[in-house]
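**Q** no sequence on this one, just coordinates:
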């Protein structure tokens, strides 16, 4: 749930990129794709599948870049707990996006990355 994020704690550009480019718009992207899939011919299904695949590829690249730069679980220092929990919530949102998108293709999500 996006509303659970403590936005002031998000200081990394990559966190905002993941939030605004993938988590927030995902429901709308998914709605557009599934609407087109249910109301058009098969040729458009291929285009819409490609759109979702490109979305997932871009998300994967941006997530990988972020994850390689930022320590999600950081040091166990009390003053860093808020940041850690907010980043974990961000990861939970990304996990939901990945699982839902893969489910659209009837692909089971990996149990771990």
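**A** Looks like it came in fine. All values derive from a computational prediction rather than experimental measurement.

**Q** C-alpha only now, for contacts and for neighbours.
**A** OK.

**Q** What are the buried residues along the host helix or strand of residue 58?
**A** Assigned by DSSP states H and E, residue 58 falls within helix 42-69. Using 16 or more other CA atoms under 10 Å as the burial criterion, the residues of helix 42-69 that qualify are 45, 48-49, 52, 55-56, 59, 62-63, 66.

**Q** what is the rounded mean pLDDT of stretch 29-41?
**A** Averaged across stretch 29-41, pLDDT comes to 69.

**Q** lowest average confidence, helix or strand, in the chain?
**A** Least confident helix or strand of the chain, by mean pLDDT, DSSP states H and E, is helix 24-39 with a mean of 77.

**Q** which intervals of this structure have sub-threshold pLDDT?
**A** Within the chain, the stretches falling below the threshold (pLDDT under 70) are 1-5, 35-47, 113.

**Q** Tell me which residue is most central in it.
**A** residue 94 (3.1 Å; CA atoms, centre = their mean).

**Q** who's in contact with residue 74?
**A** With contact taken as CA atoms under 8 Å, 6 or more residues apart in numbering, residue 74 is in contact with 80, 84.

**Q** which SSE is it in?
**A** Going by DSSP H and E, residue 74 is not part of any helix or strand.

**Q** Distance-wise, check it relative to residue 23.
**A** Note on residue 74: its distance to residue 23, by CA to CA, to the nearest Å, is 23 Å.
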